[in-house]
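# I'd like to go over a predicted model; first the sequence, then the structure.
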Amino acid sequence: MALQRPKGTQDHLPDGTPKLSRDVQASAFVYVQDAARRVLERAGAQFVQTPLFEEAELVRRGVGGSTDIVRKEMFTVYYFGDHGGYVLRPEGTASIVRAYLQNGLKQLPAPLKLWTHGPMFRAENVQKGRLRQFHQVDYEVLGSAEPLVDAEAIWLMWEVVRELGLKGAHIKLGSIGDPEDREAYNAYLRDLLTPHAEHLSDDSRDRLTRNPMRILDSKSEGDQALLGELGIRPMLDFLGEAARRHFEAVQRYLTAWNVPFDIDPSLVRGLDYYRRTAWELHHTQVGAKSALGGGGRYDGLSAQLGGPEVPGIGWAFGIERLLLALEAEGVPFPEPAGPLLFVAALDEENVSLAASVALAVRAQARAEFAYRAMKPGTIFREAERRRARFAALIGSEEVEQNVITLKELATGRQHTVPTHDLSLFLQGHLT
Ligand code: HAM
């Protein structure tokens with residue numbers, strides 16, 4: 001058997017691939033990226049890119065030592081003679097904050113809105129919609145702690161959903177509070193759970209000392225059953241005055257702008273840098289455990305990475321999961337367009353001429369040509385397979401009369417066009 005791709009990765013394939021599903025269709029990725037670009041750039045966001053691998057320390061400090069991502073899912077990058085201090089990035093936020101600090105982006109007008117898209121890497125248990133290399137669209141705003149910025153970020157995420165025509169998505173909104181609120185909540189959880197420590201999974205017992213809130217996010221069914229029995233109070237009950245007012249302001253803006261959301265009092269995100277506003281985007285047909293996207297405020301992250309205090313907030317979508325949701329809803333995608341023209345020669349001595357016609361048309365529109373001479377029937381068939389609008393034939397007769405024979409494939413109408421008028425003729429058919 002020929003070599004296979006690594007588990008948990010996908011090839012993004014061309015249109016027309018047999019049994020092509022949306023979440024591996026390369027043009028569907030571009031479609032989502034373009035929709036995000038339109039929405040985000042209209043809001044003033046600028047596109048950035050950071051390396052696919054980073055210092056492991058950045059991820060450890062940024063994402064947090066008690067998270068599954070850092071404890072179990074990091075891909076370490078080795079190269080000859082190296083100590084393995086690099087990892088493939090599991091997400092984009094820590095990298096964007098690092099790039100902001102390292103490149104003096106504080107000089108730019110604040111708040112600074114940035115966005116990116118690209119592959120992320122997590123060594124997870126592979127399932128549908130849970131991959132080891134997946135792709136995110138990521139939006140980050142740095143330099144403002146105003147709740148209006150939070151509301152705009154959520155509005156933008158919702159706007160991408162609307163732009164894509166997705167109907168079954170909904171936002172779960174919560175707040176993780178300020179660090180002192182979280183400390184109070186962690187103390188509460190520790191007191192409540194320590195007497196039951198022996199019934200917790202090994203991971204969660206470990207989290208009891210490091211970061212008890214992570215237990216709420218546990219994937220163990222036993223842990224979740226125990227949490228259910230204990231009737232745990234939600235994080236929202238522990239919000240301090242400042243975090244509560246911030247949370248209320250965000251809700252007021254969203255309500256005023258008709259962005260629908262449900263409050264999730266016990267929302268816990270899988271990364272440690274969050275503070276205050278946090279949310280997830282879910283979809284009825286993709287499964288409760290697989291959010292389409294998530295985000296939140298991370299005002300402490302910059303200082304955590306050794307920089308000054310820089311408030312920040314952002315979100316990311318998983319593009320594969322968005323595509324699965326669009327597929328499940330049967331949302332129509334634009335049909336991939338073919339070339340305006342497919343040109344072929346009827347005999348070998350005119351192959352170069354046919355090619356040069358296509359090359360000239362490319363100044364205006366997409367044009368393809370045949371690399372060998374063909375019979376008329378083959379030319380029409382090849383043009384149809386490529387979904388071309390016109391097939392063009394060039395044989396010795398055409399050369400003699402200085403014309404090109406064109407057939408419009410949808411109608412079967414034939415046209416004989418003087419070679420020097422081809423551009424004008426096609427211009428009239430550009431829609
Ligand atoms: P996250 O919730 O870890 O947040 O990931 C965001 C989205 O990426 C998820 O909702 C999901 O759609 C997708 N995703 C995550 N892991 C996988 C996977 N293994 N396979 C397929 N899709 C996956 C973050 O990454 C934060 N950086 C978001 C953020 C930006 N917060 C503030 N700014």
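Cool, the structure landed. Since the model is a prediction, treat every value here as computed from it, not as a measurement.
# next, Q33: phi, psi?
Per-residue torsions, Q33: phi -60, psi -40 (degrees, to the nearest 10).
# can you report how many residues lie near it?
By other CB atoms under 10 Å, the residues close to Q33 number 15. C-beta coordinates here come from the backbone N, C-alpha and C atoms, glycine included.
# what is the burial count for W257?
For W257, the tally of surrounding residues (other CB under 10 Å) stands at 13.
# before we move on, what about R210?
Counted with other CB under 10 Å, R210 comes out at 13.
# swap in S266?
Residues contacting S266 under the criterion other CB under 10 Å number 16.
# wait, what's in contact with it?
G174, L216, I232, P234, M235, L236 (CB atoms under 8 Å, 6 or more residues apart in numbering).
# now the fourth one, nearest residue through space, not along the chain?
Take P234 and drop its neighbours on the chain: the residue closest to it by CB to CB, 6 or more residues apart in numbering is P265, 3.5 Å away.
# same check on the last one?
Residue nearest to L236 in three dimensions, not counting chain neighbours: P265, with 4.1 Å by CB to CB, 6+ apart.
# verify the stated contact: the one you found with L239.
No - using CB atoms under 8 Å, P265 makes no contact with L239, being 10.0 Å away.
# so who does the residue in the chain that the ligand sits nearest to touch?
Per CB to the nearest ligand atom, G318 is where the chain lies closest to the ligand, at 2.4 Å. Counting by CB under 8 Å, 6+ apart, G318 makes contact with G129, F134, H135, Q136, A291, L292, G293.
# for it, list each beta-bridge partner.
Note on G318: beta-bridge partners by DSSP bridges are Q136.
# over to H282?
Going by DSSP bridges, H282 is paired in beta bridges with H170.
# got the contact list for it?
Taking CB under 8 Å, 6+ apart as the criterion, H282 is in contact with A169, H170, I171, K172, A288, A291, L292.
# of all these, which comes closest to L227?
Ranked by distance to L227 (CB to CB), the contacts of H282 are led by A288 at 15.4 Å.
# which positions in the stretch 251-400 of the chain make contact with the ligand?
Counting by CB under 6 Å from any ligand atom, the stretch 251-400 of the chain comes close to the ligand at 270-271, 291-296, 298, 314-318, 320-321.
# ugh, wrong one, I meant the stretch 101-250 of the chain
Contacts of the stretch 101-250 of the chain with the ligand, taken as CB under 6 Å from any ligand atom, map to R122, E124, G129, R130, L131, F134, Q136, D138, E140.
# in strands only, show me those residues.
F134, Q136, D138, E140 (DSSP state E).
# and these, which are buried?
Buried members of these, counted by 16 or more other CB atoms under 10 Å: F134, Q136, D138, E140.
# could those residues be laid out in CSV, adding pLDDT?
Converted to CSV, these look like this (pLDDT from 0 to 100):
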residue, pLDDT
F134, 98
Q136, 98
D138, 98
E140, 98
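# farthest-apart pair in the residues you listed, please.
Across those, the longest distance by CB to CB is 18.2 Å; it joins F134 and E140.
# residue contacts, V399?
N350, L353.
# surely it is within a helix?
Yes - using DSSP: H, G, I helix; E, B strand; the rest coil, the assignment for V399 is a helix.
# any idea how far it lies from L393?
Going from V399 to L393 by CB to CB, to the nearest Å gives 11 Å.
# name the SS class of the residue nearest to P234, please.
coil.
# domain assignment for this structure?
Domains of the chain are assigned by automatic domain parsing as 22-177+239-329, 341-427.
# quick one, which of the ones you listed is packed in tightest?
Ranked by mean neighbour count, the domains of the chain are led by domain 22-177+239-329 with a mean of 19 (mean count of other CB atoms under 10 Å).
# what sits against L88?
Listed by CB under 8 Å, 6+ apart, the contact set of L88 reads L52, F53, M74, F75, V77, F121.
# identify the bridge partners of the second one.
When bridges are called by DSSP bridges, F53 pairs up with L88.
# spatially nearest residue to L341 (excluding sequence neighbours)?
Per CB to CB, 6+ apart, closest to L341 is A367, 4.4 Å.
# re the thing from before, pick out the most distant pair among the contacts of L88.
Greatest spatial distance among these (CB to CB): L52 and M74, at 13.4 Å.
# so which residues make contact with whichever strand or helix holds R60?
Secondary structure from DSSP states H and E places R60 in helix 56-63. Residues from elsewhere that reach helix 56-63 (CB under 8 Å, 6+ apart): 69-70, 74, 76, 84-87, 89-91, 93-95, 97-98, 271-273, 301, 304-305.
# make it 6 Å
Helix 56-63 is contacted from outside by I69, V70, G85, V87, A94, R98, L271, Q304, L305, using CB atoms under 6 Å, 6 or more residues apart in numbering.
# do I have it right that G64 meets D272?
Yes - the pair G64 / D272 is scored as a contact, 2.5 Å apart, by CB atoms under 6 Å.
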